[in-house]
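[1] Generate coordinates for the sequence data below:
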Amino acid sequence: MLSVHLKRKITIISVLALFILAGLYSLWIAINNWFIEYHFLFQSPVQISFYKPVQVVKNEWLRPTIIEVVNELPELKNLTSIEKYICDKWGPYNCRLAVAVIKTEGLSYDKDGNVIPDRFHIEKDGTVSIGITQINSVNWELEGCSLQEIADPFKAVDCGYRIWDRADGEEGNGEGAFTPWGSFTDGNFRRVL
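    Predicted coordinates for the structure are as follows:
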């Protein structure tokens with residue numbers, strides 16, 4: 001039989017061994033979790049690079065940052081139903097500019113506050129621009145831009161958005177340009193911003 005003194009030593013050694021194993025297991029888990037979250041990146045402390053003396057580089061706009069800032073802008077107030085529709089169509093980033101361009105182009109109201117949809121303008125080149133978005137006759141063959149459709153103010157906004165969306169050279173990307181409208185290119189839209 002084992003002596004009491006020897007039993008105590010075995011018990012103490014067993015308990016110490018369990019604590020050491022539990023500590024090693026905890027350390028192993030902690031190291032594993034660290035490597036799940038982090039890794040070592042080895043790189044050369046010195047790099048030599050050669051560059052072209054002149055490059056043409058496309059501007060990269062910070063669109064996500066702009067969208068974050070725009071989402072923090074206060075809501076526009078006192079908009080008519082057509083102006084709200086314009087803002088819904090162009091989104092918060094282009095809303096004010098779109099409303100200003102369209103107001104300068106042909107959006108106007110009668111004394112009762114109704115939209116006057118039949119504004120027209122004969123251009124210097126002989127073409128005709130009609131409606132609140134002043135859709136030029138060269139665009140009347142586009143889907144959604146027929147003369148009958150642009151007589152309706154809301155459909156004229158839809159057509160204007162399509163022309164805006166195509167103006168950057170790529171349709172459907174939601175990143176257009178107001179350059180097809182003279183009030184934008186001559187800066188006249190600024191008077192109603």
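[2] okay, CA-based contacts and neighbour counts for the rest of this
    Noted.
[3] so what does the strand or helix carrying Glu83 touch, helix or strand wise?
    Taking DSSP states H and E as the definition, one finds Glu83 inside helix 81-105. Packing partners of helix 81-105 (3 or more CA pairs under 8 Å, 6 or more residues apart in numbering; DSSP states H and E): helix 63-71, helix 153-166, helix 182-185.
[4] Those helices: lowest mean pLDDT?
    Among those, helix 63-71 carries the lowest mean pLDDT, at a mean of 50.
[5] Distance of the spatially closest residue to Phe154 that is not a sequence neighbour relative to Val128?
    Excluding the flanking residues, the one nearest Phe154 by CA to CA, 6 or more residues apart in numbering is Ile82, at 6.8 Å. Counting by CA to CA, to the nearest Å, the separation of Ile82 from Val128 is 23 Å.
[6] Kindly report the same for Pro92.
    Counting by CA to CA - Pro92 and Val128 are separated by 30 Å.
[7] and Tyr25, helix, strand or coil?
    Counting by DSSP: H, G, I helix; E, B strand; the rest coil, the backbone at Tyr25 sits in helix.
[8] quick one: it from Thr133, how far?
    Counting by CA to CA - Tyr25 and Thr133 are separated by 71 Å.
[9] How about Ala156?
    In this view, Ala156 and Thr133 are 6 Å apart by CA to CA.
[10] go on, Val54?
    42 Å.
[11] Who has more neighbours out of the two?
    More crowded of Val54 and Thr133, by other CA atoms under 10 Å: Thr133, with 30 against 6.
[12] Just give the nearest non-adjacent residue to that one, would you?
    Excluding the flanking residues, the one nearest Thr133 by CA to CA, 6+ apart is Ile102, at 5.4 Å.
[13] can you count the residues close to that neighbour?
    Around Ile102 there are 25 residues (other CA under 10 Å).
[14] That one contacts Gly131, correct?
    No: assessed by CA atoms under 8 Å, Ile102 is found out of contact with Gly131, at 9.8 Å.
[15] low-confidence ranges in this protein?
    1, 59-76 (pLDDT under 70).
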